[in-house]
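Novice: below: sequence and its predicted model.
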Amino acid sequence: MVNKLKASVELTLLVFIMTLFIIGIGIYGILEIRQLNNSSKELYNDRMLPMDQLADIRFHTSSIIATAHQVDNNTISYSEALQKLTQAQDSIKVNWENYRFTYFTDKEKKLVSKMTVNINQTNNTIEKLKLILKKEDSSLLHSILKNQLYSELNSVIISATNLLHLQVEIGKKINKNNDKVYSSYSQKFLWILFITFLFVLPFTYYLIKKNSTIISSLNLNAVKLFLSEKNYRNLIEYAGEAILILNEATEIIDLNDAACVLLGYTREELLKMRISNLVSPEDVEKQKEDINSVIKNKFAIINRKIRRKDGVFIETEISNRLMEGKGFFAIVHDITARKKTEEAIKKSEEKYRYLFDNNPAYIIIWDIETLAILEINNAVLNKYGYTKEEWERMSVLDYRPQEDYNDIKDFAQYMMINEESISKRNWRHCKKNGEEMIMEIASHKIKYNNRKAVLSLAKDITAQAKAEAQLIEREAQLDLFIEHSPASLAMFDTNMCYLATSRRWMVDYNLLGQDIIGKSHYEVFPEIGQEWKDIHQRCLQGAIEKREEDSFLRANGTVDWMKWEIRPWYKSSNELGGIIMFTEVITERKKATELFKKQFENSPDIILYVNQFYKIEAINRVHPKVGTKEDVVGMDCIDILPEESRKDAKEAIVKCFATGESQEIENALNHQRWVRSRIVPLVVNNEVTHVMIFATDLSERKQAELKLKQSEEKHRVLTENISDAILLLDENAKIVYQSPSAEKISGYSYEEARDRCFTEFLTLEEITRGKLFVEEVMKSPNEPKQNQFRLIHKNGQEIWVEGTALNLLEKDSVNAIIVNYRDISKRKELEVQQALTASIVNSSDDAIISTTLDNVITSWNKGAEKILGYSAEEMIGGTILKFIPEYLKGEEKEISAQIVIGQAVDHFETIRQKKNGELIYVSLTISPIYDKLGNVVGASKIMRDITESKTFENELIRYNTELKKTNAELDRFVYSVSHDLRAPLKSMLGLIYITTEDVRENEMLDNSLPIIERLDLLDKSVAKLDGFIEDILDYSRNARLELVYEEIDFESLVHEVKSQLKFTDESQIDFSVSVKSKQQFSSDCQRLKVVLNNIISNAYKYSDTAKEKSFINVAFSPDTTKATIIIEDNGIGIVESDREKIFDMFYRATTVSTGSGLGLYIAKETIDKLGGKISVESEYGKKSKFYIEIPNKINLLN
C-alpha cells in the first residue's frame, strides 16, 4: 500500500522545488529582459529620436532655401516668406538644442562641434535674410541667395546628413550587440533548462515510479480539472488579450475581462451583441466576407476598425479560428498605436521623399555593381537636360567623358570593398547638350531597395575650379612678374624683412650675388634715414604712400629721378602681412614725360586714357562746366556722355577691346559740343588693357550744319529735299547702273544713260576737271573722293551736284566705282539767300541780338548799334548785362530761366541804358535757339525802341485819369440834378391829377373833354420825363453805390416788381413765376429789382395785342454758385439786326417805343456790376426770351 502522506510530501516537495526553480528562472529572465529593454530604450532615446530631430533640421533648412527661392521668383509675398523663415529657424533651434542633450561618441562630438559652428553662421545669415525680407529689397535678396545662403545652408544639410549616417551606423552596432547579448542570454537559458531537465527527470522518475497510483489519480484529477469551468475561465481571463467566443450566428457567447476593458462595454452588454454591432455600417458586408473566409480556411487574421462604447473607433487585428460545429474563437489585438507608428513612418518617408526631390543639391543614387542609375532628384533633371525616362535607362558612364570610364569603375570597386561610407572628390560630368561641368561629389555608400548603392551629392564647382586654376596661374604669373618685373620690386613682412625681390631690384641696388631673403631692409641698407623709416611704419599701419617723382642724390653727385610706391599687403585673413615697395629710375622717362605732358596738355584734341572697366584714368582737358580734371578722373567714360551718345560710344569701345582694332565715331558731348572720337587700343601681352580716345572738336562744324539746317528750314518753301543719286561706273567710267533718283536729278532715264561716260553729262567747262577727277579716283582704290560739278540737265539747264566716288573695282563683290551725288543747286541758291538774310538783319531798324545761354553776345546788327550806341566789335563776346540798368538785372535772370526751358517772351516792355547813359523804353521779343537735337543753346532777341510811344502812352494814362475824375464829378452832378428835378415833377403830376379830377366833376364846363385830353397828354409827358429821370438815377446809383448782399425771396420780389408797374389792362396777359429749387440765394436786392423791372415792364409794353392770349413767364433756378433767371414772353419780338444793339445806351428797337432807350442798357450795366451776364433769344413777331445768370453770394452770409 502506497504511503499517500509520504508521497504527497514528496510530491509537494517536488512541486515546491520546481516552483522555486521556475520562479528563479523567471526572475533571471525578467532581469535579462529588462536589461535588453533598457538597451532598446537607449537605442530609441539616443539614436531614433536624434535621427528624427536631425531629419527635422535638414527638412527645415531645405525649406528655408526653398522659401528664399519662392520669394525671389515672386511666387509668395515677403511677409509670407518672413513668417515661414521664422518658423523654420525656431524649429531648427529647438531640435538642435534637444539633440545636443543626446549621448555622443567621440566621432559624433567632432561632427556636432563642426555643425554647431555651421548653424551659428547660418543663424547670422538667416537674420540678414530676415532683415532683407522686412525691407523687401529684391536685389539684396538675390545677392545673398546667390553668394551666401545656399552654400552655408547646404553645409548644415550635409552635416546633418553625415550625423544621420553616423547615427544609423551606431544604431546598427548597438543592434548587433543586442543580438549578441540576446543570443548569449538564449544560450544561457537553454543550458539552464537542460540542467533543470537533467535534475528533474531522475527525481520525477523516482517519484512517479514510487507513487504511480497517486500520480495516476492526480493525472486523472488534473484532466478533469483542466476540463472544468474554473480552469477554462482562468485560461480566458489571464490570456492577456481580449478574447471573444462566437456561435455560428456570430453572436458573442463568451468573453474575458480584457475584452470588456478594450471595448468599454460590460460583460452583460456584450453577451447581447453580435460581432457586426461592433463594426462600422460600411464594414458590415466586409465582415460577412471575412466570416466566410474563416469558415473556408479554418483560420484568418483580419484587420478591422471596431467601435468602442464611447463611439471611438480603434484599429484591431483579430486572430479568428473556427471551432467545428461550435462557432468561432477570436483573439482581438489593439493595433491603434502600431497603425499610428506606421502612419508616422509613411509621413516620414514622404517628407524624406520631398526633401530628396526638392533638394537644391544634385542627388544621384546608382548601383555599385551594375553602375545603373536607380534614382535622381528634380535638381538633376533640371541641370543635366535628360528626361526622367532617359535617366531610367542610363548608367553613371553615360554622363561622363569616355576617358573617365575606368576611373568610375575603379571607384565603384573601391566603394564596394572599402569600409568608409563617405568619399568626396571632383568628377567631370556632361550635360545632354555636350556642355562639360566639374562637380564636387560626396559619395555615400547606402542600401537602396536591398541593393548596394552609392548616393552622390553633387555640387557644380565649374566656375570655382576655373577660378582656382586661374588663381594658380595668377600665382605663377605673380612669381614670374616679381622675378622678371622691369620695375624694382621688393616684398617685406611686418618686421621689414625681405620675402621676395625682382631681378631689377637686385641690379638697381647692386645686390646681385647676395642672399637677402629673410634679412632686414635696414641691415641691407644701414644708411636709410628716419624719414624713410617713418614712411615704412605708416605703411605698416595700412597707409599707402607714393611719389610719382622724387629726386635722389647718387654717391657720385648726380641726381636721379625716382618713382616709388609703398603699399601694404594683406593675408587671406585680412591681417596685414607687410608692405610691397616699388621703385623705378625715371630720369630718362621724366624728360620724355615732360615732353609728352607738354604735348598731351597742349594738344588741340581731348585725350582720355580709359581702362577695361571704362573708367577714366587720365584726361588732358575738361570743359569748365563739367568740372576739373580731378573730378573727371575715375568717372565712367560712358556716363559722362549725353544719353543720345552713350550707345554708339559703348559699342565702339567694347568692339575696340574685343577686336584690338581702332574705331572712329562722331558723338555729342554735353554743353552743345560735338567731337570725332578715335578709339585706339593699347595692347600689353596680346591683351587690350586700355584704350586712348582722341576727341577732335567738331562743335563749330556741327553748329554750322545746325545753322544751315535752320536756314534751310526758314527757306523750306524755296528748297526741296531731294534723295541722293547712286551710279555704278566700270573701269572706263561708263555708267552700268543708276538709281531712280538719278533720273529725277539729271532728267535722263537709265536706258538713256547706260554705257555713257560720266563726263559726257558735265558742262564744257567741267569736262577736263571731271576727267582728272576720274583719274584720281582710279589711282586711289578704297579711298572716298569728294567733288562738286555742274551737269547739263536733259532739259538743257545747268545744275550743281555734289558727290563722293569710291573705287571698289578691285573688290570682286562690287567690281565698280560707286558714285553717290545730290543736287545742290538749291543749296547754291540758298547761300545767296543767306547772304540776303544777313543783309536784311543788318539793315533792320530793330536791334537783333543773338546770345548764348550765359548771356554772351554772339551777333549784333546795325539796328542794335543804332539804338544802343555800341558797335558790334564792342559787344560781340561781351555780356548783355552791359546795357541793362543795375536795378533790372534780376529781371534778365528770370527771362533767361524761361528761355532755358524753351519758353519764348513776346513784347516784353522794359528799360535799357544806351552807351551815353540815356535810359530808353524798349519792347523785347525773345525766342530760344535750338540745336538739331532739340536742346536750347541760346536766344534770339529783337529789341524795338518804344520810348516815343511809351511817352505818348503815359500822357494818355494821365489824360484818362483826369477824364475819370471829370466823369465822376459829372455823375454826381447828374444824380444831384436828377434828384432835384424829380421833386417838382412829382408836384406837377399831383397838380395835373387834381385838376383833371376837378374838370371831370365840373359838368358846367362846355369844353371839359378837350381840357381832359390835354391834361392826359401833359400827365403822360411828365410821367415819361419822370421815368427818364428814374432811369438816370438807377444808372447813377448802380455806378456809385457798393453792392449790398442779402437773402432774396425771388417769388416775392417778382410780384413786388409787377405790382409797381403802371399798366391798366392786364386781363389779356397771363403772368407766372416758377422757382425750381429751394436753394438759398443772396445778391443785391435793389439792383436785381431794377433789372427785373426793366425787362418785365418791356414785356408788358411790347405785348402783341393781335394775339388771342399773351403770356409772361419768369423762371428762377438757383444752385450753390449761381442763379439762372429766364424771362419769356410771346410779344412782338425783336428784329434780328437789332438784337446786338438793344443793350446800347438810348437805343430803341421799335418806332412804337415810348421809353428813353436806357432800360436794357441799365439792366446790362447792373448785371455786369453783379458779376453776371445777360443774353437774349427772339423771333420777330413770335416771342422773346431773356437769359440772366447771377452769382449766388449766400456763402458770404454764412
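Specialist: Received, thanks.

Novice: C-alpha from now on. contacts and neighbour counts both.
Specialist: Noted.

Novice: start and end of stretch 667-677, how far apart?
Specialist: 7 Å (CA to CA, to the nearest Å).

Novice: again but with stretch 72-86, I slipped
Specialist: 17 Å.

Novice: wait, a strand at I446?
Specialist: Yes - I446: assigned to a strand according to DSSP: H, G, I helix; E, B strand; the rest coil.

Novice: for it, the count of nearby residues, please.
Specialist: 19 (other CA atoms under 10 Å).

Novice: so what's it closest to, chain neighbours aside?
Specialist: Closest residue to I446 apart from its sequence neighbours, by CA to CA, 6 or more residues apart in numbering: A453 at 5.4 Å.

Novice: the one you found contacts K445, correct?
Specialist: Yes - between A453 and K445 there is a contact at 6.0 Å, judged by CA atoms under 8 Å.

Novice: report the beta-bridge partners for the residue nearest to I446.
Specialist: Beta-bridge partners recorded for A453 (DSSP bridges): D367, I446.

Novice: quick check: pLDDT value at it.
Specialist: Here the pLDDT value assigned to A453 is 88.

Novice: that one and H429, how far apart?
Specialist: A453 is 19 Å from H429, where distance means CA to CA.

Novice: repeat that for S573.
Specialist: 33 Å.

Novice: these two: who's more crowded?
Specialist: H429 (21 against 7).

Novice: quick one: residues contacting that one.
Specialist: Counting by CA atoms under 8 Å, 6 or more residues apart in numbering, H429 makes contact with Y399, R400, P401, E436, M437, I438, M439.

Novice: just flag the most distant two among those residues.
Specialist: P401 and M439 (12.9 Å; CA to CA).

Novice: neighbour-wise, which of the two wins?
Specialist: M439 (21 against 14).

Novice: please save the CA atoms from stretch 889-902 in PDB.
Specialist: What follows is stretch 889-902, C-alpha atoms only, in PDB (Å, rounded to 0.1, in the frame of the first residue of the first chain):
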ATOM      1  CA  LYS A 889      19.500 142.700 -63.800                       C
ATOM      2  CA  GLY A 890      17.300 140.300 -61.700                       C
ATOM      3  CA  GLU A 891      14.700 140.700 -64.400                       C
ATOM      4  CA  GLU A 892      17.100 139.300 -67.000                       C
ATOM      5  CA  LYS A 893      17.800 136.200 -64.900                       C
ATOM      6  CA  GLU A 894      14.000 135.400 -64.900                       C
ATOM      7  CA  ILE A 895      13.900 135.900 -68.700                       C
ATOM      8  CA  SER A 896      17.000 133.600 -69.100                       C
ATOM      9  CA  ALA A 897      15.300 130.900 -66.900                       C
ATOM     10  CA  GLN A 898      12.300 131.000 -69.200                       C
ATOM     11  CA  ILE A 899      14.400 130.700 -72.300                       C
ATOM     12  CA  VAL A 900      16.400 127.700 -70.900                       C
ATOM     13  CA  ILE A 901      13.100 125.700 -70.600                       C
ATOM     14  CA  GLY A 902      12.100 126.600 -74.100                       C
END
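
Novice: what comes into contact with that stretch?
Specialist: Against stretch 889-902 from outside (CA under 8 Å, 6+ apart): L853, L881, A904, V905, I926, S927, P928, V936, A939.

Novice: quick one: buried ones out of those residues?
Specialist: Listed as buried from the contacts of stretch 889-902 are L853, A904, V905, I926, S927, P928, V936, A939; burial here means 16 or more other CA atoms under 10 Å.

Novice: closest to L141 out of these?
Specialist: Nearest member of the buried ones among the contacts of stretch 889-902 to L141, counting by CA to CA, is V936, at 43.6 Å.
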